[in-house]
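S.K.: This is a predicted model, with the sequence first.
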Amino acid sequence: MRVVLGIESSCDETAAALVREDRTVLAQRIASQDEEHRPYGGVVPEIASRAHAERLAPLIAATLADARMTLADVDAVAATAGPGLIGGVMVGLVSAKALAMAAEKPLIAVNHLEGHALSPRLADASLAYPYLLLLVSGGHCQVLEVQGLGRYCRLATTIDDALGEAFDKTAKILGLGYPGGPAVERLAREGDAKKVRLPRPLLGSDEPHFSFAGLKSAVMRAKQNQADYSDADIAASFQEAALDCVIDRTRRAMAAAGDMTALVVAGGVAANQAIRAGLQQLAAEHGLPFVAPPLALCTDNAAMIGWAGMERLMSHDFAPDPLDIAARPRWPLDPDAAPVRGAGVKA
Ligand code: KG4
Ligand code: ZN
């Protein structure tokens, strides 16, 4: 059976994994940079690039050793080639090129978003195309029809902040530190979601997209004018407002989508239990299966990059010459999607 070495370095996780075509993850290692970025309350690109450069080579060697393999046993090297912080992407991609060329193996350039989009198929062999995907991470918030490998139709995106960004900013406002999403979720469990009235941007709107900037500003005002409610109440109220938006917007996308095999969620925010539960219920209302990868596959990891590489290897769908592959800071999954209004629009 074929094995792909996956490499991820597009944000603040340095990761390597060995994925076999039967969906077994033979080995994987992740070096998180949380400690380096914590003092700054967010990811500092130059610090991230340096940390990737220091850690990636030994991490790959250790991952191979964990599986008692060498590069000779690997059928292809797959690396994130974008989108992401360009310094980190270049560290991973250039390393992958060198390894692939030295070992005379194919190099497969993986779109990080495709890694997230296909991660549910690594976890669940029965998940067939086409499926409706809510992709929610630190930089992206989109609903896509995943029609097949490399075939995506974007039905909605955010006109300002990504959902993970809204969680991270809420965490910052509440002094919960970095990374924010898990901390907000933990605190929300202790709060009363009815205590703080927060807006639900674009709820019920004909426009298909998401918006979270107004919600973030309202959280800021709620904290500044804190009255008879706790930080936990703010966190709970924020999470409920965000969830209401996610459900409303996804419901709208479901009405616009063609026949789908399942409702699927992926990306870092898919680790959130409240969001998973809300989507599960939404899928049930539509008589659709709901698929969410295990938590470790939601946040950035190399197994999903290895798996996307495996799907491309099996379909012979990759550029033949590694030297043709360039790092891409921006790389939309659906380049034909109509542009949307908004200043800070994420592709
Ligand atoms: O996919 P990911 O690891 O990196 C990107 O490609 O962006 O997503 C990271 C994002 C961060 O914004 C983080 O706060 C959020 O996912 N996140 C969560 C949770 N775990 C991670 N947000 C809400 N609840 C969580 N449990
Ligand atoms: Zn990601």
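M.R.: Done, it's in. Ligands and ions are numbered 1, 2, ... in the order given.
S.K.: what sits against D300?
M.R.: D300 is in contact with 8, 10-13, 15, 30, 112, 268, counting by CB atoms under 8 Å, 6 or more residues apart in numbering. Placement of C-beta: from N, CA and C, glycine included.
S.K.: Next, the contact list for the nearest residue to it once chain neighbours are set aside, please.
M.R.: Spatial nearest neighbour of D300, chain neighbours left out: E13 (4.3 Å); criterion: CB to CB, 6 or more residues apart in numbering. E13 sits next to 30-33, 299-301 when contact means CB under 8 Å, 6+ apart.
S.K.: Now E13. Its backbone dihedrals?
M.R.: Dihedral pair for E13: phi -120, psi 130, per degrees, to the nearest 10.
S.K.: Distance of it relative to E240?
M.R.: Counting by CB to CB, to the nearest Å, the gap from E13 to E240 is 29 Å.
S.K.: ditto for A123
M.R.: Here the criterion is CB to CB. By it, A123 lies 27 Å from E240.
S.K.: Spit out the contact partners of G181.
M.R.: 164, 167-168, 171, 268-269, 271-272.
S.K.: Now name the helix or strand holding it.
M.R.: In this assignment (DSSP states H and E), G181 forms part of helix 180-188.
S.K.: For that helix, C-alpha coordinates in PDB please.
M.R.: Extracted in PDB, the C-alpha atoms of helix 180-188 (Å, rounded to 0.1, in the frame of the first residue of the first chain):
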ATOM      1  CA  GLY A 180      -8.400  31.800  22.000                       C
ATOM      2  CA  GLY A 181     -11.000  29.400  20.600                       C
ATOM      3  CA  PRO A 182     -10.600  26.500  23.100                       C
ATOM      4  CA  ALA A 183     -10.300  29.000  26.000                       C
ATOM      5  CA  VAL A 184     -13.600  30.800  25.000                       C
ATOM      6  CA  GLU A 185     -15.300  27.400  24.700                       C
ATOM      7  CA  ARG A 186     -14.200  26.400  28.200                       C
ATOM      8  CA  LEU A 187     -15.200  29.600  29.800                       C
ATOM      9  CA  ALA A 188     -18.600  29.600  28.000                       C
END
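S.K.: can you tell if it touches ligand 2?
M.R.: No: Helix 180-188 is not in contact with ligand 2 by CB under 5 Å from the ion; minimum separation 12.0 Å.
S.K.: Relative to the whole chain's centre, how far out is the helix or strand following that helix?
M.R.: Using DSSP H and E, the helix or strand that follows helix 180-188 in sequence is helix 213-224. In terms of CA atoms, centre = their mean, to the nearest Å, the centre of helix 213-224 is set 24 Å apart from its chain centre.
S.K.: In terms of secondary structure, what does the following helix or strand past helix 213-224 contact?
M.R.: Later in the chain than helix 213-224, the nearest helix or strand by DSSP H and E is helix 231-256. Where contact means 3 or more CB pairs under 8 Å, 6 or more residues apart in numbering; DSSP states H and E, helix 231-256 is packed against strand 131-136, strand 141-148, strand 151-156, helix 163-173, helix 180-188, helix 213-224, helix 273-285.
S.K.: hmm, back to that, closest one of the contacts of G181 to R252?
M.R.: Nearest to R252 among the contacts of G181 is V269, at 18.5 Å by CB to CB.
S.K.: Tell me, what's the model's pLDDT at the closest one?
M.R.: pLDDT for V269: 98.
S.K.: Just want the phi and psi numbers for it.
M.R.: For V269, the backbone dihedrals (degrees, to the nearest 10) come out as phi -70, psi -20.
S.K.: hang on, it packs against F167?
M.R.: Yes: using CB atoms under 8 Å, V269 is in contact with F167, at 6.6 Å.
S.K.: higher neighbour count, those two?
M.R.: The neighbour count for V269 versus F167, taken as other CB atoms under 10 Å, is higher for F167 (32 against 28).
S.K.: how far away is that one from Y178?
M.R.: Counting by CB to CB, the separation of F167 from Y178 is 11 Å.
S.K.: list the contacts for the residue of the stretch 101-250 of the chain found nearest ligand 2?
M.R.: When distances are taken as CB to the ion, the stretch 101-250 of the chain reaches nearest to ligand 2 at S137, 4.4 Å away. Counting by CB under 8 Å, 6+ apart, S137 touches 116, 162-164, 267-269.
S.K.: quick one on the thing from earlier: looking at the contacts of G181, which two lie furthest apart in space?
M.R.: Pairwise distances across the contacts of G181 (CB to CB) peak at 14.1 Å, for the pair A171 and A271.
S.K.: Name the surrounding residues that touch the least confident helix or strand in the chain by mean pLDDT.
M.R.: Ranked by mean pLDDT, DSSP states H and E, the helix or strand of the chain with the weakest confidence is helix 34-37, at a mean of 92. Contacts to helix 34-37, defined as CB under 8 Å, 6+ apart, come from residues 12, 43-44, 47-48, 51, 178-179.
S.K.: after that helix, next one along is what?
M.R.: Next helix or strand after helix 34-37 toward the C-terminus (DSSP H and E): helix 45-66.
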